[in-house]
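[1] Kindly return the folded structure for what I paste below:
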Amino acid sequence: MVGLIDEILGLVQRHEQWRGQESINLIPSENVTSPAVRSLLSSDLGHRYTSRQGFYMGSCFIDEIEQYGEELAKDVFHSETSDLRPLSGHIADLVFLASFTEPEDTILCVSPNDGGYPGISEHGISRSLRLRVISFPFSKERRNIQVEEAIDLILREKPKIIIFGASIFLFPHPVKELAKVTREIGAHVGYDGSHVLGLIAGGRFQDPLREGASVLIGSTHKTFFGPQGGIILADREHGETMREQVHPAYVDNAHWNRIAALALALAEMKAYGKEYAGQVVQNARVLAGALAQDGLPVVCAELGYTQSHQVFLDYGGYMQGRVVAKKLEEANIIVDCGVRIGVCEATRRGMREREMQRIAGLMKRVVVDGEEPRRVREDATKLAEEFQGVEYCFR
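    Prediction:
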């Protein structure tokens, strides 16, 4: 038994050394929490329950923490309602779709073939809810929704729900441009901001709730630097409807250690979000420009490459992208097989424009110059070790 314990602890330690200390993490769907936020995840709250019906005694402080977090969320995102209970952005999507559709209803979203989120596609939540899925007309050259074609589709198909947002998310979606026609047909407008939630909070992407969306849903651990989980932000009408649906249908134990950690991350975002989000976008654009100059296939040069935390390298598909990602992994540079590159964690570690140039140089050595990844690994590790702290936080 001692050997088993040592093996488990040893694997975690090896992971933390490699991913936390020796690697440059460029996964766009990951970030790093502050030490204070991380400490709350291992607090006594992780052992406890509470309930809105008052079934469990001893929960007065837990309930107060949740209420405090909800007020912070409404303040940060300027929403009329908030709900911190969804355990993931995926669950938040599920609550939204289930609250406002019936079987055989139609929803409109970005296709996974265009970078949309597969979890709400015809193979994801929509399949379970028996929803018909249609896709936004989309320009791969501009990496965005085609407005006039979308208006025609909306008027013709009259979907019950329209969801903006995507997994490959370089530029703001035309929420404002399509809001009027969606109101005309009585559709519910949602915005899955999982990838860009921290940029929305920092005022550096777009403000979907002001542009025509009734519901903003998302993950809390990508550009938003909280613990892994989900959030719902909405106007009063939609928010109260979804609030009634969350428990017990989709969330029972909401993990109140996570909610406490999220509340603290919301406070950090309120204090530092504007500065953080601005640096994220600046870093992404500098990295994109440097990679393009070094010969990597960065998309949308004519549009400035990106307005988010993401840089997208077009290698023509997952298989070739995986080859590139594997070579970079061997050099301790971590990306996905998209190849999507995200700078949110590097930014929170304190990296700025100069470091983006250095990262681009390291990637060029592996991908363009064909240098042995193990030779690049030493320099990548040295760069990672220079940035072991966490910024944009209280301590």
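[2] how about the strands in this structure?
    24-25, 81-83, 106-109, 132-135, 138-139, 144-145, 161-164, 188-192, 215-219, 230-234, 310-312, 333-334, 340-342 (DSSP state E).
[3] Which one, of these, ends up nearest to R243?
    Nearest of those to R243, taken as C-beta to C-beta: strand 81-83 at 5.7 Å. Where you see a C-beta, it was placed from the backbone N, CA and C, and this is true even at glycine.
[4] And the most centrally placed residue in the chain, how close does it get to N253?
    By C-alpha atoms, centre = their mean, the chain has its centre lying nearest to H195, at 2.6 Å. Distance, H195 to N253, by C-beta to C-beta, to the nearest Å: 27 Å.
[5] Just put the strands of the chain in a markdown table and tack on mean neighbour count.
    Output for the strands of the chain, formatted as a markdown table (neighbours: other C-beta atoms under 10 Å):
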| stretch | mean neighbour count |
| --- | --- |
| strand 24-25 | 22 |
| strand 81-83 | 22 |
| strand 106-109 | 23 |
| strand 132-135 | 18 |
| strand 138-139 | 16 |
| strand 144-145 | 22 |
| strand 161-164 | 26 |
| strand 188-192 | 26 |
| strand 215-219 | 28 |
| strand 230-234 | 28 |
| strand 310-312 | 29 |
| strand 333-334 | 22 |
| strand 340-342 | 27 |
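[6] Please identify which of the ones you listed is closest to P373.
    Between P373 and the strands of the chain, the tightest spacing by C-beta to C-beta is seen for strand 333-334, at 8.6 Å.
[7] Quick check: longest helix in the chain by residues?
    If you go by DSSP state H, the chain has its longest helix at helix 256-293.
[8] Next, the buried residues of that helix.
    For helix 256-293, the neighbour count (16 or more other C-beta atoms under 10 Å) marks 256-269, 272-273, 276-277, 279-292 as buried.
[9] mind checking how far it is from the chain centre?
    Chain-centre distance of helix 256-293: 11 Å, with C-alpha atoms, centre = their mean, to the nearest Å.
[10] Stretch 123-138 too?
    With C-alpha atoms, centre = their mean, you get 20 Å for stretch 123-138.
[11] Equivalent analysis for stretch 311-325, please.
    Centroid separation for stretch 311-325 versus its chain: 20 Å, with C-alpha atoms, centre = their mean.
[12] Renumber starting at 843 from here on
    Sure thing, new numbering starts at 843, so read that last one as stretch 1153-1167.
[13] what mean pLDDT would you report for that stretch?
    The predicted model gives stretch 1153-1167 an average pLDDT of 95.
[14] Please write out the alpha-carbon positions of that stretch in CSV.
    Only the C-alpha atoms of stretch 1153-1167 are listed here, as CSV (Å, rounded to 0.1, in the frame of the first residue of the first chain):
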residue,chain,number,x,y,z
VAL,A,1153,-3.5,32.4,-32.3
PHE,A,1154,-4.5,29.9,-34.9
LEU,A,1155,-2.0,28.0,-37.1
ASP,A,1156,-3.7,26.4,-40.1
TYR,A,1157,-2.0,23.1,-40.9
GLY,A,1158,-5.1,21.7,-42.7
GLY,A,1159,-6.4,19.4,-40.1
TYR,A,1160,-6.0,17.5,-36.9
MET,A,1161,-3.5,14.9,-38.2
GLN,A,1162,-0.9,17.3,-39.4
GLY,A,1163,-1.5,19.5,-36.4
ARG,A,1164,-0.9,16.6,-34.1
VAL,A,1165,2.6,16.1,-35.7
VAL,A,1166,3.5,19.7,-35.0
ALA,A,1167,2.0,19.6,-31.5
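[15] contacts for that stretch?
    Stretch 1153-1167 is contacted from outside by 985, 1010, 1012, 1126, 1129-1130, 1133, 1138-1142, 1147-1148, 1177-1185, 1209, using C-beta atoms under 8 Å, 6 or more residues apart in numbering.
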